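Novice: coords below, sequence missing:
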């Protein structure tokens, strides 16, 4: 009763196969039966399924600085242009997620990057873009962050940013990096 459905999407076939194994190995049979795994281009998801979801977790592809310091191959592939490309992809993904949300729905945007360009700046660009289109859309996206008075809701190792919060490994006993921003779709 009241059981929802979990829709997952992973473009990479290798990662999608691993996700399906995790679901099979760790969810009950009943929960797994209510789980769908897709491999769609999520930049177009909101066009195909507008106003369809109550909650979206957008774990955006990012530069993942932890991988840079742990794996020489990742460091060789890194460049400022790559971070810019990932930020642009994340921007389009977040716009699509906003479109796919039902009214009152929430999206959590997260990365494992330190780059402001892939984090706060992506959220800022999306908010600015949607503000310009809010009359046309009939809705807007707004930040849904805990109030500063409720800092007791955040561990001391979680830093507040302009549009979210972040966890840095040097402050969190090796956890992170992780960036999170929570947004809600509201009517005008």
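Specialist: Ah, there it is. In this text the structure is predicted, and so the values were computed from the model without any measurement.

Novice: CA only for contacts and neighbour counts going forward, please
Specialist: Fine.

Novice: ok, which stretches of this structure are strands?
Specialist: According to DSSP state E, the chain carries its strands in the segments 6-9, 35-38, 53-59, 101-111, 139-143, 158-160, 165-167, 178-187.

Novice: relative to strand 53-59, how tilted is the fourth one?
Specialist: For strand 101-111 against strand 53-59, the angle by axes from the mean of the first three to the mean of the last three CA atoms, to 10 degrees is 10 degrees.

Novice: biggest helix in this protein by residues?
Specialist: Counting by DSSP state H, the longest helix found in the chain is helix 80-100.

Novice: re the thing from before, out of the strands of the chain, flag the one nearest residue 29.
Specialist: Closest to residue 29 of those is strand 35-38 (CA to CA; 10.0 Å).

Novice: which strands border the closest one, and is each parallel or antiparallel?
Specialist: Note on strand 35-38: by DSSP bridges, its sheet partners are strand 6-9 (parallel).

Novice: next, the buried residues of the strand it pairs with.
Specialist: Across strand 6-9, burial judged by 16 or more other CA atoms under 10 Å covers 8, 9.

Novice: so that it lines up with my notes, have the first residue be 49 from now on.
Specialist: Shifting the count to begin at 49 puts that one at strand 54-57.

Novice: off-centre distance for it?
Specialist: 13 Å (CA atoms, centre = their mean, to the nearest Å).

Novice: for it, what does the pLDDT average out to?
Specialist: When pLDDT is averaged over strand 54-57, the result is 95.
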